[in-house]
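K.L.:
fold the following for me, if possible:
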Amino acid sequence: MTARRSRRLAAAAVGLVFLVLAGSAGAHSSSLKFTALARRWVQRDLITVAVSVQPSGVVCQLSVRYADGQYQPHLGPVGVADGHAKWRFHISGGVEPRRARVNVSCGRAGGATRTVLVVGSVIPARIVVVKDGYSVRQNPYGGGSISWGVILRNTSPQQDALDVYTLVNFVGLDNRLVGSATNNLSGIPADKDFALGDNLVFFGGVPPISRLEVVVQIKKRQAHALKLPTITNVRVWPDIFQPEYVGSVDGEVSNDDPRLVLRNAELSTVILDAQGNVLGGGSGNAFASLPPAAREFFKIERGLDAVPMYKAASAMVSAVGTYDAP
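P.N.:
Numbering: from 1, shown residues only. The predicted structure follows:
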């Protein structure tokens, strides 16, 4: 056998050994890939992350880092069963919407990293009662009235509450109702407070009242778009003829919309004492047509004459406007 032929045989033998070793390594190669990972996550949703893993017998660890630096809690290690590992968890509503980094590490099987987009969830419009209160006035010639006020809050940061129906019950000392008042509001914007007030007249004298009972129903909801007129320079004035009681609340309503005309506005006020407690309330209207940047003087008189003037420290006024294109 010549030297040249010997060298060829040796090279062929080395190549055969390499192919055998490579095939053996491929038979036992490691792999890891995501089998369940949505590209878009919504706050508060239940999320599933799953991977296929080779070889079996390893333990995998998942970590999720959100855009604000927070990590998803309680993601414990998971053993690989039948070549798969899976996690399920709820995203907190407090994490920052944006890109999040998802990383899975499975020991000798390797690791994998992906990014997902976290978006904010829509919290439905919900109305809660922040505070309420009332004042009673018994008239010397018979009969009397209750001036009442309620501050409502739409707790949703994204949805307006539309066509809001309110029922205010007046509860007696024996827990029986002695009167009720209803109101319809065209809407309360997302993440806003609304001052609702009015009065209830009793022709036979006001019975003893222990508390108010407020019921609110939302008939429609929408993504935040509701416009409110701007209220400024609010003042509380005594009654001209009986200055010991509140006579009016006045101020200015203006149209801050850059394009639309404010045709009219529904006004409602709540009177507060120096500690912020509700003493009562009233309602009124503003009828002037206001183009953008225009303002109007308003005066609310209805429903206030049961509130003692010496207790009245301030007033909160809310308005819902009707807008049209010019």
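
K.L.:
which residues does V49 form beta bridges with?
P.N.:
Beta bridges link V49 to W87, judged by DSSP bridges.

K.L.:
state the distance from it to K227.
P.N.:
43 Å (CB to CB, to the nearest Å). In short, each C-beta sits where N, CA and C put it, glycine included.

K.L.:
also Q72?
P.N.:
Counting by CB to CB, the gap from Q72 to K227 is 39 Å.

K.L.:
between those two, which is the more surrounded one?
P.N.:
Using other CB atoms under 10 Å as the criterion, Q72 and K227 rank with Q72 on top: 20 against 16.

K.L.:
ok, now which ones touch that one?
P.N.:
Counting by CB atoms under 8 Å, 6 or more residues apart in numbering, Q72 touches S63, V64, R65, Y66, F89, I91.

K.L.:
is G76 in a helix, a strand, or coil?
P.N.:
Using DSSP: H, G, I helix; E, B strand; the rest coil, the structure places G76 in coil.

K.L.:
pretty sure I271 contacts W237?
P.N.:
No. Judged on CB atoms under 8 Å, I271 makes no contact with W237 at a distance of 11.3 Å.

K.L.:
and the contacts of Q72, which of them are in strands?
P.N.:
With strands defined by DSSP state E, the entries of the contacts of Q72 inside them are S63, V64, R65, F89.

K.L.:
could I get these as JSON lines with neighbour count and pLDDT?
P.N.:
Below are the ones in strands among the contacts of Q72 laid out as JSON lines (neighbours: other CB atoms under 10 Å; pLDDT from 0 to 100):
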{"residue": "S63", "neighbour count": "13", "pLDDT": "95"}
{"residue": "V64", "neighbour count": "23", "pLDDT": "96"}
{"residue": "R65", "neighbour count": "15", "pLDDT": "94"}
{"residue": "F89", "neighbour count": "16", "pLDDT": "94"}
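
K.L.:
turn those residues into JSON lines, columns for distance to G83.
P.N.:
Below are the ones in strands among the contacts of Q72 laid out as JSON lines (distance: CB to CB, whole Å):
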{"residue": "S63", "distance to G83": "21"}
{"residue": "V64", "distance to G83": "23"}
{"residue": "R65", "distance to G83": "27"}
{"residue": "F89", "distance to G83": "22"}
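
K.L.:
check which residues of stretch 55-67 are buried.
P.N.:
Neighbour-count burial for stretch 55-67 flags V58, C60, Q61, L62, V64, Y66 (criterion: 16 or more other CB atoms under 10 Å).

K.L.:
repeat that for stretch 212-232.
P.N.:
Residues of stretch 212-232 classed as buried: L212, V214, V216, I218, R221, L226, K227, L228, P229, I231 (neighbour count, 16+ other CB under 10 Å).

K.L.:
do stretch 70-83 as well
P.N.:
Within stretch 70-83, the residues that count as buried by 16+ other CB under 10 Å are Q72, V78, V80.

K.L.:
what do you get for stretch 295-313?
P.N.:
For stretch 295-313, a neighbour-count test (16+ other CB under 10 Å) marks 295-296, 298, 300-309, 311-312 as buried.

K.L.:
got the CA positions of it in CSV?
P.N.:
Extracted C-alpha coordinates of stretch 295-313, given in CSV (Å, rounded to 0.1, in the frame of the first residue of the first chain):
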residue,chain,number,x,y,z
ARG,A,295,-68.0,82.7,29.8
GLU,A,296,-71.2,83.5,31.6
PHE,A,297,-72.3,84.4,35.1
PHE,A,298,-74.6,81.9,36.9
LYS,A,299,-76.7,82.0,40.0
ILE,A,300,-78.1,78.9,41.7
GLU,A,301,-81.0,79.5,44.1
ARG,A,302,-83.2,76.4,44.1
GLY,A,303,-82.9,74.0,47.1
LEU,A,304,-80.5,76.0,49.3
ASP,A,305,-82.8,77.8,51.8
ALA,A,306,-82.5,75.1,54.5
VAL,A,307,-78.7,75.4,54.9
PRO,A,308,-77.6,77.6,57.8
MET,A,309,-75.4,80.4,56.5
TYR,A,310,-73.1,80.4,59.5
LYS,A,311,-72.0,76.9,58.8
ALA,A,312,-71.5,77.3,55.0
ALA,A,313,-67.8,77.7,54.2
